[in-house]
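> only geometry, no sequence info:
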């Protein structure tokens, strides 16, 4: 176990290094003049004409060889300096860390119920293979999978906001925003749901849930298919195993065998792809947050991309990748606890 | 024959195949269905009737209505089909080619080269696909070509992985040993003997990916970093509906047509590819027969 964990941990810097190289290479595809924007303290510096631009390129060493520039850049990144974001009018690092809790809140609220739902639907479909629950579940999930998140999101906005007026866009209502920014309200984590509970303010808690509901439902539905599919296949495979047949032959109830013996083991492949699924969902956040005007990392990155705010885009990419790599590592480390067979390898 | 029997037993899959055929026909006959007009820079440049900001409902001139800025939705939906096929098939076939080459080289030569190539795959896989594509397009600038490049750059890895594992499995088969004993070259072994047998799982993957590539490309257009202004692309048209879809108070469905037609087009297109891919997978996977 320790060996396995250690090997995974040792891989981490290698992966990180390669990823940082990749993001830096993306950055280097810009011309020195474009990259200069990342260093200019204010837009006026770029208006000084060819001569001053050339001088600044010289000053910041933007014509130096690749490895020298990489070294300088990675040094900056490691000391937390990701450049200045024109979109946020803040340093990129500050903007990202202030928006991170909002996105995490949304992703967790979509990922956990989505996971449970796909386990439930997938095992149902497996048990009732080729019968109507199976057909129904497959149809339901494949429809969700084919829905572009922006079309589904706009539909949700139309139904739950314009028609029913249940789930408004944004992150908080105005009154709740006033409460959250007031002095009495302590911001422990930056995530509204958690903070409002810690502050014992239930109205704000429900208000933030109301704003989270529609984006979370959109994320869940469009991402439901793949995990349900894996769960179904895995359930089918488990149901053919000898021990399942033995349990049935002993006269155990079909329901007990299916739900208690087979389903547990069928969960393993789902755990394997859960990390990847989380990544997909976090990618989906970009559009979902944009549609529902939810001020998080995703909306920020979409704005940055549209504004050609390069430091923000690259900083966001780097930040995101680090979060994902760490999450994947956690999944990998949990995995041997679920499947003892991994330990011996 | 087996495929036909499967289709008849699975009406949903049959529906997928027919739907896909319908889209192929729409793409082929686009110039007939929505003739190009004078003053168009290219056929993908959607004609507009004036510059009025408010979308106009379906009428005799524009049967699906017009978007904000008066782009003809019908024209965009029809020619958008061609854009979708171009992006979907183009990106997938080039990624498939790259993935196959890298996977084959890794599997066949093994050792350090394999280790290195697979770590490269791991690194590319570690970046979330959509975000990576968005970053790359933002850096390269708007347009269909940058979208194409970005999707290919971050889309080839799954094929490399699958091809590699299939080759590793097939390499140890007796018929490959026999061919080698006859003196077949590496190249001949890979191209003639191994790849044809390894291609099926990859084909399933590719079919499924076609739909999702179109989804991603449209998503980029939706965010305003994909296709150029006015380009016949479904995502672009959905982006035009974004400001209008909630309607006005008292009349939430006032601008329904701005979302309904392009939204239905992309949804059905992706659905058809997913249904076909799903059917292929079921046919090829023995686990999916009844227990």
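Looks like it came in fine. This is a predicted model, so every value here is computed, not measured.

> show me what from the stretch 151-300 of chain A comes close to chain B.
Applying the criterion Cβ under 8 Å from any Cβ of the partner chain, the portion of the stretch 151-300 of chain A that neighbours chain B consists of A:151, A:154-155, A:157-158, A:161-163, A:233, A:236-237, A:239-240, A:279-280, A:282-284, A:286-287, A:290-291. To be clear about C-beta, it is placed using only N, CA and C from the backbone, and glycine gets the same treatment.

> could you pull out the buried residues of the lengthiest helix in chain B?
Counting residues, the longest helix found in chain B (DSSP state H) is helix B:73-109. With burial defined by 16 or more other Cβ atoms under 10 Å in any protein chain shown, the residues of helix B:73-109 counted as buried are B:73-88, B:90-92, B:94-96, B:98-100, B:102-108.

> need the contact list for residue 270.
Here I'm looking at chain A. Contact criterion Cβ atoms under 8 Å, 6 or more residues apart in numbering or on different chains gives A:115, A:118-119, A:122, A:227, A:230-231, A:234 as the residues in contact with residue A:270.

> if you could check chain B rather than the one you did, that'd help
Taking Cβ under 8 Å, 6+ apart, we find residue B:270 in contact with A:146-148, B:211-212, B:214-215.

> could you pull out the helices for the stretch 101-250 of chain B?
In the stretch 101-250 of chain B, helices defined by DSSP state H, counting those that start in this stretch lie at B:111-126, B:129-140, B:144-153, B:157-171, B:174-181, B:186-188, B:195-223, B:234-241, listed in chain order.

> wait, residue B:211 sits on residue B:88?
Yes - shown here, residue B:211 and residue B:88 form a contact pair, counting by Cβ atoms under 8 Å, at 7.1 Å.

> which neighbours do these two share?
residue B:273.

> how about low-confidence regions in the chain?
Defaulting to chain A. Across chain A, the stretches falling below the confidence threshold (pLDDT under 70) are A:1-5, A:7-8, A:36-49, A:340-345.

> other chain: chain B
Within chain B, the stretches falling below the threshold (pLDDT under 70) are B:1, B:285-291.

> near residue A:55, how many other residues are there?
11 (other Cβ atoms under 10 Å in any protein chain shown).

> same question, residue A:258
22.

> what's the local residue count around the residue nearest to it when sequence neighbours are not counted?
Across the structure, with Cβ to Cβ, 6 or more residues apart in numbering or on different chains as the measure, the residue nearest residue A:258 apart from its sequence neighbours is residue A:127 (5.4 Å). Residue A:127 is flanked by 20 other residues according to other Cβ under 10 Å.

> ok, residue A:127 - contacts?
Contact partners of residue A:127, counting by Cβ under 8 Å, 6+ apart, are A:133, A:235, A:239, A:258.

> for chain B, see how far away the second one is.
Just to be clear, that refers to residue A:235. 10 Å (Cβ to the nearest Cβ, to the nearest Å).

> list the contacts of that residue.
Residue A:235 makes contact with A:122-123, A:125-127, A:262-263, A:266 under the criterion Cβ under 8 Å, 6+ apart.

> on that earlier part again, now the buried members of the residues of the stretch 151-300 of chain A next to chain B.
Neighbour-count burial within those applies to A:151, A:154-155, A:157-158, A:161-162, A:233, A:236-237, A:239, A:279-280, A:282-284, A:286-287, A:290-291; the criterion is 16+ other Cβ under 10 Å.

> tell me which of the helices of the stretch 101-250 of chain B sits nearest to residue A:94.
Comparing the helices of the stretch 101-250 of chain B against residue A:94 with Cβ to Cβ, the closest turns out to be helix B:129-140 (20.1 Å).

> next one: residue A:227 relative to residue A:275, how far apart?
Spatial separation of residue A:227 from residue A:275 under the definition Cβ to Cβ, to the nearest Å is 12 Å.

> among these two, which residue is more densely surrounded?
Regarding residue A:227 and residue A:275, a neighbour count based on other Cβ under 10 Å identifies residue A:227 as having more, with 24 against 18.

> buried residues, stretch A:83-102. List them.
For stretch A:83-102, burial by neighbour count (16+ other Cβ under 10 Å) applies to A:83-88, A:91-93, A:95-96, A:99-102.

> again, but for stretch B:51-64
B:55-56, B:62, B:64.

> out of these, who's nearest residue A:16?
residue B:55 (47.4 Å).

> contacts only, for the closest one.
B:65-68, B:240-241, B:244, B:255, B:257-258.

> go back to those and keep what's next to chain A.
When Cβ under 8 Å from any Cβ is taken as the criterion, the members of the contacts of residue B:55 that contact chain A are residue B:241.

> farthest pair in the contacts of residue B:55?
In the contacts of residue B:55, the most distant members under the criterion Cβ to Cβ are B:68 and B:257, with 12.2 Å between them.

> okay, those two: which has more neighbours?
Neighbours per residue, other Cβ under 10 Å: of residue B:68 and residue B:257, the larger number sits with residue B:257, 22 against 19.

> secondary structure element holding that one?
In this assignment (DSSP states H and E), residue B:257 forms part of helix B:256-284.

> compute the inter-axis angle for that helix and helix B:73-109.
Between the axes of helix B:256-284 and helix B:73-109, defined by axes from the mean of the first three to the mean of the last three Cα atoms, to 10 degrees, the angle is 30 degrees.

> contacts only, for residue B:165.
Residues residue B:107 are the ones in contact with residue B:165 under the rule Cβ under 8 Å, 6+ apart.

> gap between it and chain A?
Where chain A is concerned, residue B:165 sits at a distance of 15 Å (Cβ to the nearest Cβ).

> so what's the residue count around residue B:250?
7.

> torsion angles phi and psi at it?
phi 90, psi -20 (degrees, to the nearest 10).

> if we can go back for a sec, in a markdown table: the contacts of residue A:127, plus secondary structure and distance to residue B:162.
Shown next, in a markdown table, are these (DSSP: H, G, I helix; E, B strand; the rest coil; distance: Cβ to Cβ, whole Å):
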| residue | secondary structure | distance to residue B:162 |
| --- | --- | --- |
| A:133 | helix | 31 |
| A:235 | helix | 23 |
| A:239 | helix | 26 |
| A:258 | helix | 31 |
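
> closest one to residue A:33 out of those, please.
Taking Cβ to Cβ as the measure, residue A:33 lies nearest residue A:235 of the contacts of residue A:127, at 57.1 Å.
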